[in-house]
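Novice: no sequence on this one, just coordinates:
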């Protein structure tokens, strides 16, 4: 395939038309098959990035320089005895072209992508969480839904579809206790990241002390499995790890000591491997960790889930940033929102939250990449896709997009009152830049050239001075199951 460039430096394919991502993916896939390489290995060898192909499948863009590196590697390392014509075959009509992109996102490849709320990057994530107030604002928004639910025996049932570090979940559990101080709680949290599970466990001792009639379950299963604690694959079912822990004592310190003793179990069991299709982490074995207080075992007996005998029927489902911004609405609906919707009990409510854009954070991004539009799927588009995917079952649910004044909310980056008045410190500028690229989900490979020029610092300083700080906008929507 001949590579040419237009006047704006956009990659071109045959006939001078824009190069589609599905064509490059087919070329790379064909090379990997002939050369006997895993896609992650190819990424490391060609561009020093083991997740390169996975990000490309997820709609990531590729710069002309990176495209040249890919082509040069393939040319310099022909597969032994292979038919090079295989590398030039394309799957016509699979992808779509986007004049504003260097390579457009392939619809079919994106459909197979295992979703994450943001990039799997611990440094960016932790810096964002500690410098921005999104977690507490989201928890407050979720807590408002508690006034709309009517729990049924034997417990108030909550599912967190991606715990992260557990900040939102812990805050919501506090709000649950304040509103329903005497009801048993059944709380299930889904999270594949071992580090996030550890951070979430750190927040549980105080929850068990304040609300002793709680059953808390952590699992690493997929969206289609986790609400029911039941895997879809017979092979995965045979390897399932089910661990039940009855915490002794009656003090938070006692619970903390016993939870800390689970570290070796987590290290052995909460392991991941790269998906052969996408390169993304998936569980080695499905794991279910059940925790409750031993002195409340009798009361909680009908609430504690058993292997093969767990139910969903949730009163409240939290889906905070459960999918990548750039994936199509149809993918978000089919792979994430619809399974969570089906897990609701009568009167149950699912509140979903994702980034909205149109805020100072995007101003920083558009200073560097004027055509960048990561938030192309509104809540209306997602809800429409959910209705189509549910088919006739949609009549059993209510779909609430709400007005902008109710749906869209703001969270800020933490700064001192005078920190952005005159001289803005370097640490503040770096934190603001990190938050902007994290929320906009900018791929690491696109940052190399930008960081070298230093222009991003001036762009960030200009936006902070203009607004007197930095904030972002999220939008929410609610799906509820009808009681009848």
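Specialist: Ah, there it is. All figures in this text were calculated on a predicted structure; none of them were measured in a lab. Numbers count the residues shown, from 1 in each chain.
Novice: For the closest residue to residue 207 other than its chain neighbours, give me its contacts.
Specialist: Closest residue in space to residue 207, ignoring its immediate chain neighbours: residue 173 at 5.2 Å, by Cβ to Cβ, 6 or more residues apart in numbering. Every C-beta, even on glycine, is put in place using the N, C-alpha and C of the backbone. Residue 173 makes contact with 158, 185, 187, 207, 211, 214 under the criterion Cβ atoms under 8 Å, 6 or more residues apart in numbering.
Novice: and the third one, helix, strand or coil?
Specialist: I take that to be residue 187. Here residue 187 is strand, with the state taken from DSSP: H, G, I helix; E, B strand; the rest coil.
Novice: I'd say it and residue 218 touch.
Specialist: No. Counting by Cβ atoms under 8 Å, residue 218 is not a contact partner of residue 187; they are 9.3 Å apart.
Novice: next helix or strand past the lowest-mean-pLDDT helix or strand in the chain?
Specialist: Using mean pLDDT, DSSP states H and E, helix 107-111 stands out as the lowest-scoring helix or strand of the chain, at a mean of 36. Counting by DSSP states H and E, the next helix or strand C-terminal to helix 107-111 is helix 122-131.
Novice: So what touches the helix or strand following that following helix?
Specialist: Later in the chain than helix 122-131, the nearest helix or strand by DSSP H and E is helix 134-143. Residues from elsewhere that reach helix 134-143 (Cβ under 8 Å, 6+ apart): 128-129, 164-165, 167-168, 171-172, 175, 316, 318, 320, 351, 353, 409-411, 472, 474, 476.
Novice: List the buried residues in stretch 206-222.
Specialist: 207-209, 211-222 (16 or more other Cβ atoms under 10 Å).
Novice: With respect to residue 238, which of the residues you listed is nearest?
Specialist: Taking Cβ to Cβ as the measure, residue 238 lies nearest residue 221 of the buried residues of stretch 206-222, at 14.7 Å.
Novice: contacting residues for the closest one?
Specialist: 190, 229, 231, 283, 286, 288.
Novice: ok but residue 317 is inside a helix, no?
Specialist: No. Applying three-state DSSP, one finds residue 317 to be strand, outside a helix.
Novice: Might you report the residue contacts of the nearest residue to it once chain neighbours are set aside?
Specialist: Distance criterion Cβ to Cβ, 6+ apart; nearest residue to residue 317, sequence neighbours excluded, is residue 350 at 4.1 Å. Residue 350 sits next to 316, 317, 319, 337, 340, 341, 344, 478, 479, 480 when contact means Cβ under 8 Å, 6+ apart.
Novice: From those residues, pick the one nearest residue 35.
Specialist: Of the contacts of residue 350, the one sitting nearest to residue 35 (Cβ to Cβ) turns out to be residue 337, at 38.5 Å.
Novice: Run a quick neighbour tally on the spatially closest residue to the closest one that is not a sequence neighbour.
Specialist: Residue nearest to residue 337 in three dimensions, not counting chain neighbours: residue 386, with 5.1 Å by Cβ to Cβ, 6+ apart. By other Cβ atoms under 10 Å, the residues close to residue 386 number 26.
Novice: Touching, residue 386 and residue 335? I think so.
Specialist: No. Between residue 386 and residue 335 there is no contact under Cβ under 8 Å: 11.4 Å.
Novice: related to what we said a few turns ago, now, among the contacts of residue 173, which is nearest to residue 415?
Specialist: residue 207 (30.5 Å).
Novice: residues contacting the closest one?
Specialist: Residue 207 neighbours (Cβ under 8 Å, 6+ apart): 170, 173, 174, 214, 216.
Novice: switch the cut-off to 7 Å
Specialist: Counting by Cβ atoms under 7 Å, 6 or more residues apart in numbering, residue 207 touches 170, 173, 214.
Novice: Show the pLDDT at the last one.
Specialist: Yep, that's residue 214 we're talking about. Looking at residue 214, its pLDDT reads 98.
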